[in-house]
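A.B. asks: Attaching a predicted model along with its sequence, questions to come.
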Amino acid sequence: MSEMPPTNGHSILARAKSHNKFAHRKLSVDELLKFFGQSLDTLAELVAVYDNGYSPIVFQIAVEIQKILCEGGLAARLRGERKFLSSANDVDDGNLMPRYPLVAGRVGGRPPELQYLPAFLSPGENAEKPRSLPFREWWGREAIYRASAAEPGSAPGMIPVNDTPNVPFAKRETLTRREIIGMIRDKLGAHQDNELPTVLDDLQSGLNYVAIIYQDDDGREWHTDNGTLPISIPPIAAMVRQIAHEVLVAYDRADSPAAA
């Protein structure tokens, strides 16, 4: 039986230091609040980049949202003191189409292209009145995406009609804000994975929505399903931008890109 090598206080201390190369200190509440405010400033700067035409910045926006809402005890305390606005009421179980309550579509330009916009920029006549929600419901319970009633394997944008088999409303795939922000942060923001969840891939392409046909002033038709009507800003980008808006408003930060 082999004997353990002799040790002393110095060797134990040396091993401890090897696992803790740098000294640490605890930040004060004031310092934590300062860093939290800087994160909100960063989020505001990132959405300004988005509003100036660079939609891929949503990958970094998702990272900042996750940090503001979920990292550290201070984040948990502050979010508990806030209410978050949402219009993502999902109660129409007769709707066979996919549900994107945080976004709306707009076609424009020559040649035309389809852009998805955050809901706060495109309220429309039939927009739902925003509700004030506690963090837990807003973040982790409310569905902000629900798949269509088409069965798995159906063509993109397919909507079942008449007697076509379909998926019941309660069994359709849904995503919450927490799931969407977490997926983007983990797969495209803080990390770059070689594989993507299929639903994230679909939301990036926008092709799992209904097929959209646009007719211009000359009578020519443009289609999303054959690529003649390209999607320049996908649903996922507009969804993250809308969530960023809701976060900024919850923490009393102005967000008015329409004036930019």
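C.D. replies: Looks like it arrived, so ask away. Bear in mind that the values here come from a model prediction, so they are computed numbers and not experimental data. Residues are numbered from 1 along each chain as shown.

A.B. asks: Give the burial count for residue 186, as a bare number.
C.D. replies: 15 (other Cβ atoms under 10 Å). Quick note: C-beta positions are derived from backbone N, CA and C, even for glycine.

A.B. asks: Then the one 5 residues further on?
C.D. replies: Taking other Cβ under 10 Å as the neighbour definition, residue 191 ends up with a count of 9.

A.B. asks: Begin at 12, not 1, for the rest of this chat.
C.D. replies: Sounds good: first residue 12 from here, last item residue 202.

A.B. asks: buried sites along stretch 96-114?
C.D. replies: Buried residues in stretch 96-114, defined by neighbour count with 16 or more other Cβ atoms under 10 Å: 97-99, 107, 109-114.

A.B. asks: Turn those into TSV, columns for pLDDT and distance to residue 256.
C.D. replies: Below are these laid out as TSV (pLDDT from 0 to 100; distance: Cβ to Cβ, whole Å):
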residue	pLDDT	distance to residue 256
97	90	11
98	78	11
99	75	13
107	85	29
109	85	22
110	87	19
111	87	15
112	89	14
113	90	9
114	90	12
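
A.B. asks: Mind putting these into CSV with secondary structure and distance to residue 47?
C.D. replies: What follows is those, written out as CSV (DSSP: H, G, I helix; E, B strand; the rest coil; distance: Cβ to Cβ, whole Å):
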residue, secondary structure, distance to residue 47
97, strand, 22
98, coil, 27
99, coil, 26
107, coil, 43
109, coil, 36
110, strand, 33
111, coil, 31
112, coil, 29
113, coil, 25
114, strand, 28
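
A.B. asks: which pair in the residues you listed spans the largest distance?
C.D. replies: Spatially, the most separated pair among the buried residues of stretch 96-114 is 97 and 107, at 23.2 Å (Cβ to Cβ).
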